[in-house]
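Peer 1: structure for the following, please:
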Amino acid sequence: MGAAAGDIAPVVLMPGDPLRATWIAETFLDDAHCYTEVRGMYGFTGTWRGQRVSVQGSGMGQPSLAIYVHELFTSYDVQTVVRVGSCGALTEMLAIRDVVIASGACTDSSMNRITFEGHDYAPVADFGLLRGAVEAAEARGTDAHVGLLFSSDSFYASRPELTRRMVDYGVLAVEMEASALYTLAAKHGRRALAICTVSDHIVTGEQTSASEREKTFGEMVEIALTAALGA
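Peer 2: Residues are numbered from 1 along each chain as shown. Predicted structure coming up:
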């Protein structure tokens, strides 16, 4: 990752987009400094309400996120990772810019099938973080949705009918990272949560622009910081 020992705080917010990491650091953190630019995946450490916190881009997809999360846990002793990402709504219960707090994550990835030799594994959020995020959303008056995400390995689904079937079983939205995050946190005994903002609506076809996805999802960032740091 390229960071020196002590550069990264015990609590890390993790957007997929490295430019969103830059925006979060510039917008929400005091005295933020960049500790890595390796492969263009920016990482920053600063303070929020007097508490030290880092922001680290993960890239797109579970394999990319897994590299960064593994290193954060094993090389930098990070204790808490909160994903702050975008998602595509799979149900008309959600609208553009709604916030989804993921209690668990389904996936079509083979990563856990390989690890558990064909057995199903249910990757779930840390309950303390989940409860903290729900309380933070309620305090802000945000009508956040709590439920399942689908962590897809494909951005353009070859069999969209399978994704639609998951809605019948309570899946709210699709993204590409949460399942790996929750699994790695369980393996290493750390805390993890995914909070996503609806950037695209699979049902209605509505979508936000790339610039909006990069710079205007501040509500979930405030919820994530409050949940992770308890401020």
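Peer 1: from here on, just use CA atoms for contacts and neighbour counts.
Peer 2: Noted.
Peer 1: can you tell me the centre-most residue of this protein?
Peer 2: Geometric centre of the chain, nearest residue: Arg83, 2.1 Å, by Cα atoms, centre = their mean.
Peer 1: doesn't that one lie inside a helix?
Peer 2: No. The assignment for Arg83 (DSSP: H, G, I helix; E, B strand; the rest coil) gives strand, which keeps it out of a helix.
Peer 1: can you name the residues that contact it?
Peer 2: For Arg83, the contacting residues are 13-16, 178, 192-196, by Cα atoms under 8 Å, 6 or more residues apart in numbering.
Peer 1: give the buried residues for the helix or strand hosting Gly147.
Peer 2: In this structure, Gly147 is located in strand 145-151 according to DSSP states H and E. Burial within strand 145-151, assessed by neighbour count using 16 or more other Cα atoms under 10 Å, is assigned to 145-146, 148-151.
Peer 1: now for it, which elements pack on it?
Peer 2: Contacts defined by 3 or more Cα pairs under 8 Å, 6 or more residues apart in numbering; DSSP states H and E place strand 145-151 against strand 99-107, strand 171-175, helix 178-188.
Peer 1: so where's the chain uncertain?
Peer 2: For the chain, the stretches with pLDDT under 70 are 214-216, 231.
Peer 1: I'd like the distance from the one helix or strand Val12 maps to to the chain centre, please.
Peer 2: Assigned by DSSP H and E, Val12 belongs to strand 11-14. Averaging C-alpha positions (Cα atoms, centre = their mean, to the nearest Å) puts strand 11-14 9 Å from its chain's average.
Peer 1: adjacent strands (with direction) for it?
Peer 2: strand 51-56 (parallel), strand 80-89 (parallel) (DSSP bridges).
Peer 1: quick one: the longest one to strand 171-175, angle?
Peer 2: Using axes from the mean of the first three to the mean of the last three Cα atoms, to 10 degrees, the direction of strand 80-89 lies 100 degrees away from that of strand 171-175.
Peer 1: contacts made by the strand holding Val12 with the rest, please.
Peer 2: With Cα under 8 Å, 6+ apart, strand 11-14 has contacts from 21, 52-58, 78-85, 224-225, 228-229.
Peer 1: so who does Val38 touch?
Peer 2: Here Val38 is in contact with 1-2 (Cα under 8 Å, 6+ apart).
Peer 1: cool, and Ala186?
Peer 2: Ala186 is in contact with Pro123, counting by Cα under 8 Å, 6+ apart.
Peer 1: again, only this time at 10 Å
Peer 2: Residues in contact with Ala186, defined by Cα atoms under 10 Å, 6 or more residues apart in numbering, are 123-126, 180, 192.
Peer 1: need the buried ones from these selected in ChimeraX.
Peer 2: Buried subset of these, written as a ChimeraX selection, criterion 16+ other Cα under 10 Å:
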select :123,124,125,126,180,192
